[in-house]
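**Q** Structure of the sequence below:
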Amino acid sequence: MYELEKENLRRLSSYITAIIRPSLIKTFMTTYLKKETVERIMSTEQSSPSAAAQMLLDCMCDLEEDGWFQAFLDFLLTAEYSGLHDAIKNWNFLEYEELHEHRKLLERIEPSITKHLKPRELLMHMNCCLNQRESEEIQAVEAQRGPIAASEKLVDCLLRSDKSNWFKVLKMALDTCELYEALDLLETDGAGKSVQDSDCMMAESSTVCFEYREEMETENMAAPESCSHMSITETPAGVTGDSGRSGKRKLREYQRELMTAAVNGQNTIICAPTGCGKTIVALGICEEHLKLLRGRAKIAFLATKVDVYEQQYKLFQEHFSSKDPNIRVTGMCGDMALSVRMLIETHDIVVLTAQILVNALQSGEMENLQLLTLILLDECHNTTGKHPYNNIMTRYLDSKLTGNGSPLPQIVGLTASVGIGSFKNQMEAENNVTQLCANMDTRVITTVSKHLDELRSYVHTPEKEFFHVFQSPSDPFIRIIQNIMSNIEQMAKKTYNIESLSNISNREYGSQKYEQWIVSVQKSCRVLQMQNADGERRICRELCNYTEHLRKYNDALIINEDARTIDALDYLDVFFQQVRNAGFQTTERKLTALYDTQRPQLQCLATEGQQNPKLEELRFILEEEYHNNQETRTVMFVRTRALADAMKKWIDDTDTLKFLKPGVLIGKGRKSNFTGSGMTPSNQRGVLDTFKSSDQSKMLIATSVADEGIDIPQCNLVLMYEYVGNVVKMVQVRGRGRAQGSRCFLISSSAERIEKEKMNMMKERLVEAAIVALQSRPADLSFKVDILQKEDKARRDFLSASPDKPKTQDSFKLLCAKCKMFACQSDDLRVVQESHHIVVDRSIFSRCSRVPHRKPINFCGFSKKEKMLCVECKHDWGLVVSYLTIQDLPLLKIESFVVQNLVTGEQHYFRKWCKVTFAIREFDMTEITPETWALVN
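**A** Just a heads-up that it's a prediction; the model follows:
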């Protein structure tokens, strides 16, 4: 049996053994081979993967069980050997034969090329030809043994790659990372002889030219934080001269002034405007710190977000690789399976997101911060409340105030503004800034004073103008939508007195306050209890449907206020199509019929109705600006993703503006019905790269993701379209207009919003005066910081002394938060990896429906397969996943359920698993058996 397959495996064994690592298909071996044989193969692999692979093939050729060959193919796919799978399935190894010369070349130049590689950078661009395990092993080798050893591991993995494009991907990655010495070795055969890609080996009459452009990738947002991509970057402001490939930076005099306190070893907050090159200042501080503590310095540069981390990490790598290759720089973010402590111990500088360091401290991997000698906090104004920065600094201050005598790291913060909190006068502003200083244990605020003229010559503060646009007093579209909403409210009141479910009054249709009222009603509805259980379920489901439709109509009114009526109508059309696709019952039919009745008239108004005056004003501004200067570069900030999407559609549909070809830059959050998924750093990078090219895009439409951290090319026109925040946000947004003669316009129909922005401008002056006052009274600032730190420590000690409320051992049942249908018992819940919650009772599948997941990615050992929906109301319950060898595990999200005590009958709603009041057992693999659960073969 299988004689042909066995003969082909023997005939092609030289190809197969050069690729496969038996340990990656260990489950296949344990299924079909004896335990002793598997152990012998695994032991051999440690010294020779090819010899181990040959042993595996020899054993496979002796197999007689039915299905072993198909199982082998299936496990190749599972282990990400897709190329080898296809080659064996079709018995066609022609592609591997064509790559033979490339493998010989890489083997020949391995001793030379490994000296010029930077594995951590290259991995960001080689996901398509390396599997996850190989990437993790390379990162671990670099952390433990250094970059050359990791380079050797990378080359070994490439030589065993089953992907036909690995050689081309390697060259592209080398070019992107500017590793030109290594690229030259590949392209000149290591001795000046030109080498071509296999893709280029075509007929002599054909000429094929490959031009590498970085590609945008899919969204990360349902997935964990990812940083396996090149960072968003540009030549930062404050860099002089031609950095070219060397990455050298030359400091300006105002930047040296900003370094002074930090170089003298003081904790300090460096406050300087957006665009002045604060990251360059940070690089200079690191250089001086490394010189001062030669061989003993351990520096951590913290970022608030992954996209900011990526751009800063790349900048640090470029700078120090040219300055001194012996300075070891590494980075960490997201779910990298690496030890923070090990990275710090084996490197001089670690760039990472703040939450990574918080996790290491909370888990006990790092007992304290004393391993570090310098911590730099980017956007340090965030060091308040429950922000990760404040969590880190709280631990720092607790160590300091307990007086154990151990050395603590120097703290340096970087920010464009310290105008945090609420304040009405200079004294209150001083108090807020002093509190920030106390949180960061600094008594020095560093600003530019001696070299202000130089700073102003490089950093231009744009003029600000206000455009107050008066909306039309009568809009038929608004009137129709408001009538529909009024009818829905009356329908809901016939079901239950919804006014009793919320204390929010004086709500207006089309306002944020109305949205708050909906949230309040839905929260009360989830825990609404009645004598009749069936009646309770019916009422809760109906109220949930009514309020969800009210929410969508309210959203449509908000969109209509800022964009076009057609955009608001499109938003509603998408929502009702989803309602129809989900299958609806009596209440949904009534609500859909209510919309369908008015739909023709709404369509007529959307196509023939009046224009939005704000859009007309915006069109006039853009036409005027680009008529006066065709090279104008515009960044426009908007409040929501839906509005960003609508504004792009409007510009693309407007004949006089379509030449702008606007890009849209939004965050990576959860998808919405209107705008689809958020953007990954790679997507953002693609948009920014396009914006840098004036031939393609002259305008960028952005949400709040762009106002902090991410570098945006210089522009001379900043538009704030109904976009107003606090003082810090105002300073950051305004700072995007860096070109000389740049201007900043606020366009709004709200007098209150314009007044708030004017108030922000006044508060900015109060903050500047407060800084000057505090700088003039250093002793007073130091005294107040000491007092605040002691008061905060006493408050923390009091709270920590209060005993935590123990988790109850009572039993509960989980009910669908929308229709109150029973889902599962709390006794059947298990927690995996301290954060993921599964159900070990398969009967839950009889109470839910399952649909394929649109993005079936892997995370933390789980593989997303399907979404779980309540069989009654289609409410999203969570995911169906595979975990290790276990198929079809229900993974729940607690916000989709109401929890009811089986004894008291009381109902509770929790938004996070960490808030639940009952104990949940840890998952034990022995609870799952082939008899009770499907396992991976």
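
**Q** what's the burial count for residue 865?
**A** 16 (other C-beta atoms under 10 Å). All C-beta atoms are positioned from the backbone trio N, CA, C, and that covers glycine.

**Q** check contacts around it.
**A** Residue 865 makes contact with 852-853, 856, 879-882, 888, according to C-beta atoms under 8 Å, 6 or more residues apart in numbering.

**Q** let's go with 6 Å and repeat that
**A** By C-beta atoms under 6 Å, 6 or more residues apart in numbering, the residues touching residue 865 are 856, 880.

**Q** before we move on, what about residue 782?
**A** Residue 782 neighbours (C-beta under 6 Å, 6+ apart): residue 443.

**Q** Am I right that it sits in a helix?
**A** Yes - under DSSP: H, G, I helix; E, B strand; the rest coil, residue 782 falls within a helix.

**Q** Report the separation between it and residue 266.
**A** From residue 782 across to residue 266, the span is 11 Å (C-beta to C-beta, to the nearest Å).

**Q** Tell me the pLDDT of residue 275.
**A** Looking at residue 275, its pLDDT reads 80.

**Q** Sorry, slip of the keys, the one I care about is residue 215.
**A** Reported pLDDT for residue 215: 31.

**Q** and the longest helix for this protein?
**A** If you go by DSSP state H, the chain has its longest helix at helix 533-562.

**Q** Which positions in that helix come out as buried?
**A** 536-562 (16 or more other C-beta atoms under 10 Å).

**Q** C-terminal to that helix, what's the next element?
**A** Downstream of helix 533-562, the next assigned helix or strand under DSSP states H and E is helix 565-582.

**Q** The helix or strand just after that next one - contacts with which helices or strands?
**A** Once the chain leaves helix 565-582, the next helix or strand it forms, by DSSP H and E, is helix 586-608. In terms of contacts (3 or more C-beta pairs under 6 Å, 6 or more residues apart in numbering; DSSP states H and E), helix 586-608 is packed against helix 476-495, helix 533-562, helix 565-582.

**Q** quick one, which of those is nearest to residue 639?
**A** Of all those, it is helix 533-562 that lies closest to residue 639, at 7.8 Å by C-beta to C-beta.

**Q** list the helices and strands the closest one packs on?
**A** Counting by 3+ C-beta pairs under 6 Å, 6+ apart, helix 533-562 packs on helix 476-495, helix 512-526, helix 565-582, helix 586-608.

**Q** export the longest one as PDB, just CAs?
**A** The one in question is helix 586-608. The C-alpha coordinates for helix 586-608 follow below in PDB (Å, rounded to 0.1, in the frame of the first residue of the first chain):
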ATOM      1  CA  THR A 586     -40.900  40.500  15.000                       C
ATOM      2  CA  THR A 587     -39.200  43.500  16.600                       C
ATOM      3  CA  GLU A 588     -36.500  43.700  14.000                       C
ATOM      4  CA  ARG A 589     -39.100  43.400  11.200                       C
ATOM      5  CA  LYS A 590     -41.100  46.300  12.600                       C
ATOM      6  CA  LEU A 591     -38.000  48.500  12.900                       C
ATOM      7  CA  THR A 592     -36.800  47.600   9.500                       C
ATOM      8  CA  ALA A 593     -40.200  48.300   8.000                       C
ATOM      9  CA  LEU A 594     -40.100  51.700   9.700                       C
ATOM     10  CA  TYR A 595     -36.800  52.500   7.900                       C
ATOM     11  CA  ASP A 596     -37.900  51.000   4.600                       C
ATOM     12  CA  THR A 597     -41.000  53.200   4.500                       C
ATOM     13  CA  GLN A 598     -38.900  56.400   4.800                       C
ATOM     14  CA  ARG A 599     -36.000  55.100   2.700                       C
ATOM     15  CA  PRO A 600     -37.200  56.500  -0.700                       C
ATOM     16  CA  GLN A 601     -37.700  60.000   0.700                       C
ATOM     17  CA  LEU A 602     -34.300  59.900   2.400                       C
ATOM     18  CA  GLN A 603     -32.700  58.800  -0.800                       C
ATOM     19  CA  CYS A 604     -34.300  61.700  -2.600                       C
ATOM     20  CA  LEU A 605     -33.000  64.100   0.000                       C
ATOM     21  CA  ALA A 606     -29.500  62.600  -0.100                       C
ATOM     22  CA  THR A 607     -29.200  63.000  -3.900                       C
ATOM     23  CA  GLU A 608     -31.100  66.300  -4.400                       C
END
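
**Q** What's the first helix or strand after that helix?
**A** helix 613-628.

**Q** Check which helices and strands the next helix-or-strand element following that next one sits against.
**A** Along the chain past helix 613-628, the next helix or strand (assigned with DSSP H and E) turns out to be strand 634-637. Counting contacts by 3+ C-beta pairs under 6 Å, 6+ apart, strand 634-637 is packed against strand 699-702, strand 717-721.
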